[in-house]
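Visitor: predicted model, plus sequence, below.
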Amino acid sequence: MTEFTTYPVPGESPVLSQTGLKVLQSRYLIKDEHGKCIEMPAQLFSRVASLIAQIEVRYGAGSSQIRQWHRKYYELMASLKFLPNSPTLMNAQRRGTLSACLIQQAGGGTGFSFDKLRPTGDRVASSGGTTSGPISFWRVFSETTNAIQQGAFRRGANMGMMSLEHPDILKFLHAKKNLKAFTNFNISVKVTDSWMKKVLNSANDLHIVENPRTQEKFLLPRDLDIVNYTIDDLHKYFPKQQSQSQRSGKFYTVGDIWKIIVKSARKTGEPGVVFIDRINRDNPTPGIGSIEATNPCGEQPLLPYEACTLGSINLTKFINVTKSGADMDWPALAETVQLAVRFLDNIIDACDYPVRDTIQLAHANRKIGLGVMGFADCLFMLEIPYDSEQGVEFGSKVMGIINENARKASCELADLRGPFPNWNNSIWRTDLKQKVRNASITCVAPTGTISIIADCSASIEPLYSLVFFRRILDGSKVLQVNPIFKKVAESHGFYDGKLEKEIIKTGSIQNITKVPAAVRNVFKCAYDISPEWHIRMQAAFQKHCDAAVSKTINLSEKATVAIVDKAYKLAYELGCKGVTIYRRGSRADEPMSLD
């Protein structure tokens with residue numbers, strides 16, 4: 001019999017959409033041995049709130065205070081104003097692993113940096129043999145993930161990263177051209193400022209790679225057999241000896257490598273680009289080590305073995321609608337931010353980390369990542385176009401207020417509980433002159449599943465379409481109609497049975513003339529918005545994030561390599577820490593579709 005403890009529900013039950021309830025039933029609610037749900041959504045939120053409230057005992061709370069915290073944390077989630085990352089909802093009071101950026105067995109994800117692995121064919125002194133190279137290790141990690149996810153509540157997710165200076169970079173870029181390979185990995189290339197400046201100003205410079213074991217530098221001949229070349233094939237091509245060859249075009253240039261990246265991204269959506277120097281300039285604990293990778297979606301750069309707990313605020317819950325219009329309830333948002341920070345900080349103490357190094361780093365740095373969801377819906381309700389100066393300014397204001405209040409809350413926790421143990425070795429002491437409880441406090445995560453539970457748009461992404469089919473975990477498809485648009489359409493008198501069918505043909509209302517121009521201007525979706533505005537919005541949020549922003553730059557089917565090239569360069573110029581594009585139709589299986 002499945003163990004099941006009922007936690008008293010200290011408030012009103014959550015009001016969920018049918019799709020949100022179905023997701024909870026499929027993945028989160030406790031089931032008996034026959035697969036039948038024996039837990040209600042209110043009980044789930046109470047189970048999580050109870051665990052998080054119990055942590056207050058460590059900081060001096062008595063029994064009556066624990067009950068108060070239980071109620072506060074319950075109402076925070078049951079109101080759908082805030083939800084923690086999925087592993088917390090899944091595992092609280094059950095398995096102990098509550099962080100998203102951690103391990104795969106209980107729903108977490110892992111980032112891998114392949115930079116320190118020896119290139120293919122490099123000497124292994126201990127055995128006298130040669131190494132099979134990073135791609136072979138990558139394949140092992142991928143197959144391990146496949147094995148783990150057979151018994152997991154959701155699929156394991158990974159991020160694979162490699163520096164452009166690694167000798168096997170061509171193999172890395174080539175490996176995912178086969179869309180059936182490494183399906184549980186996202187990949188990104190790590191780009192330094194100096195290399196990016198060459199892309200922008202001197203793309204004909206030769207591309208130089210370096211053996212991480214010996215620090216020897218080589219060139220990459222254009223006639224390499226990408227699948228089979230080894231480090232031995234590079235040994236005669238030293239940069240200082242090739243000035244004549246440079247003019248004859250025998251070697252890959254910086255521009256050549258850049259073209260491979262953007263062409264591949266246009267074709268498959270990968271690789272993404274990570275601006276690693278920019279990430280490390282914001283590394284809160286440079287004395288502890290350099291950041292070499294991120295979590296699977298890129299919003300949380302982490303040190304080796306580090307973990308992070310994420311949570312997101314549903315912005316739609318802070319809009320006051322009156323006869324004179326709609327506006328944000330800024331004080332209510334600030335209050336929720338401060339409670340959410342305390343909630344996330346408690347998760348660090350409640351989490352049962354499986355690796356000793358992770359236990360030490362998680363408690364020493366206490367990184368959290370508070371972000372948002374429902375941003376596109378919020379813009380709809382306020383009648384602000386996403387692709388406008390007003391939209392970008394509003395995004396910057398929202399994240400600025402969240403970041404300001406999150407830092408305030410972390411400072412208050414530091415006064416009560418002490419700053420994070422590595423504070424003395426952090427930029428918070430040397431540069432920012434602030435005592436905070438958490439080395440990193442804010443980021444913007446994708447919120448793929450929790451936004452479905454909260455019945456709002458995902459993260460800061462525009463809507464995919466106002467009407468679309470969503471593929472649920474059990475493989476079924478559910479028709480989704482944006483309720484804000486439907487309400488506006490009904491109030492304007494142009495909503496009828498044909499409208500849904502018209503929208504689902506293209507995913508857009510921009511060419512439907514019976515929809516008033518003012519409505520079309522506000523209700524733009526992902527593929528109605530130019531790449532420039534996608535990136536400008538990402539950059540606006542990035543200005544107010546300790547960590548990074550997960551964002552997809554959506555492109556139409558007809559988007560050219562030149563458009564991808566421009567988008568990646570603009571992301572660098574505007575201060576983003578990374579960028580990912582997705583060209584419509586470039587993958588066979590999409591979680592949202594028009595058919």
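Guide: Cool, the structure landed. Since the structure is predicted, the reported quantities are computational estimates derived from the model, not experimental observations.

Visitor: could you pull out the helices in the stretch 401-550 of the chain for me?
Guide: Along the stretch 401-550 of the chain, counting by DSSP state H, counting those that start in this stretch, helices occupy 427-430, 450-453, 483-492, 497-506, 517-522, 531-542.

Visitor: quick one, which of the ones you listed gets closest to Thr192.
Guide: Among the helices of the stretch 401-550 of the chain, helix 531-542 comes nearest to Thr192, with 18.4 Å by C-beta to C-beta. To be clear about C-beta, it is placed using only N, CA and C from the backbone, and glycine gets the same treatment.

Visitor: now that closest one: how far from the chain's centre is it?
Guide: 15 Å (C-alpha atoms, centre = their mean, to the nearest Å).

Visitor: next up, the contacts around Ile453.
Guide: Counting by C-beta atoms under 8 Å, 6 or more residues apart in numbering, Ile453 makes contact with Leu16, Gly20, Val23, Leu24, Leu80, Leu83.

Visitor: where in the stretch 401-550 of the chain is pLDDT low?
Guide: 473-475 (pLDDT under 70).

Visitor: I meant to write the chain there.
Guide: Using pLDDT under 70, the chain drops low at 1-3, 101-108, 148-156, 241-248, 473-475, 588-595.

Visitor: per-domain residue ranges of it.
Guide: 17-93+311-527, 109-281 (automatic domain parsing).

Visitor: pick the most buried one from those.
Guide: Across the domains of the chain, averaging neighbours per residue (mean count of other C-beta atoms under 10 Å) puts domain 17-93+311-527 on top, at a mean of 19.

Visitor: starting at the chain centroid, how far to that one?
Guide: With C-alpha atoms, centre = their mean as the basis, the mean position of domain 17-93+311-527 lies at 13 Å from the chain mean.

Visitor: any chance of the helices of the stretch 401-550 of the chain in TSV, plus distance to Pro296?
Guide: As requested, these are exported to TSV (distance: least, C-beta to C-beta, whole Å):
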stretch	distance to Pro296
helix 427-430	26
helix 450-453	15
helix 483-492	30
helix 497-506	30
helix 517-522	33
helix 531-542	18
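
Visitor: so which of those helices comes closest to Lys267?
Guide: Short answer: helix 531-542, nearest of those by C-beta to C-beta, at 16.4 Å.

Visitor: show me what the helix or strand following that closest one is packed up against.
Guide: The C-terminal neighbour of helix 531-542 among helices and strands, as given by DSSP states H and E, is strand 552-555. Here strand 552-555 touches helix 531-542, helix 561-573, strand 578-583, going by 3 or more C-beta pairs under 8 Å, 6 or more residues apart in numbering; DSSP states H and E.

Visitor: list of residues touching strand 552-555?
Guide: 266, 461-462, 526-527, 529, 531, 534-535, 538, 563-564, 567, 571, 579-584.

Visitor: picking that back up, got the domains of the chain as JSON lines, with distance to Ile288 columns?
Guide: Formatted as JSON lines, the domains of the chain follow (distance: least, C-beta to C-beta, whole Å):
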{"stretch": "domain 17-93+311-527", "distance to Ile288": "6"}
{"stretch": "domain 109-281", "distance to Ile288": "12"}
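
Visitor: of these, which is nearest Val549?
Guide: domain 17-93+311-527 (4.2 Å).

Visitor: now Leu370. Its backbone dihedrals?
Guide: phi -90, psi 130 (degrees, to the nearest 10).

Visitor: picking that back up, who wins for proximity to Ser556 among the domains of the chain?
Guide: Judging those by C-beta to C-beta, what sits closest to Ser556 is domain 17-93+311-527, at 5.4 Å.

Visitor: any idea how far apart the tips of that closest one sit?
Guide: Terminal residues of domain 17-93+311-527 are spaced 26 Å apart (C-alpha to C-alpha, to the nearest Å).

Visitor: in contact with Ala334, which residues?
Guide: Taking C-beta under 8 Å, 6+ apart, we find Ala334 in contact with Ile401, Asn405.

Visitor: quick one: it is in a strand?
Guide: No: using DSSP: H, G, I helix; E, B strand; the rest coil, the secondary structure at Ala334 is helix, not a strand.

Visitor: ok, now how distant is Pro212 from Gly133?
Guide: Using C-beta to C-beta, to the nearest Å, Pro212 is found at 12 Å from Gly133.

Visitor: repeat that for Leu29.
Guide: Distance from Leu29 to Gly133, by C-beta to C-beta: 44 Å.

Visitor: now Met537
Guide: Met537 sits 39 Å away from Gly133, going by C-beta to C-beta.

Visitor: now swap in Tyr568 and tell me
Guide: 27 Å.

Visitor: cool, and Trp330?
Guide: For Trp330, the distance to Gly133 - C-beta to C-beta - is 53 Å.
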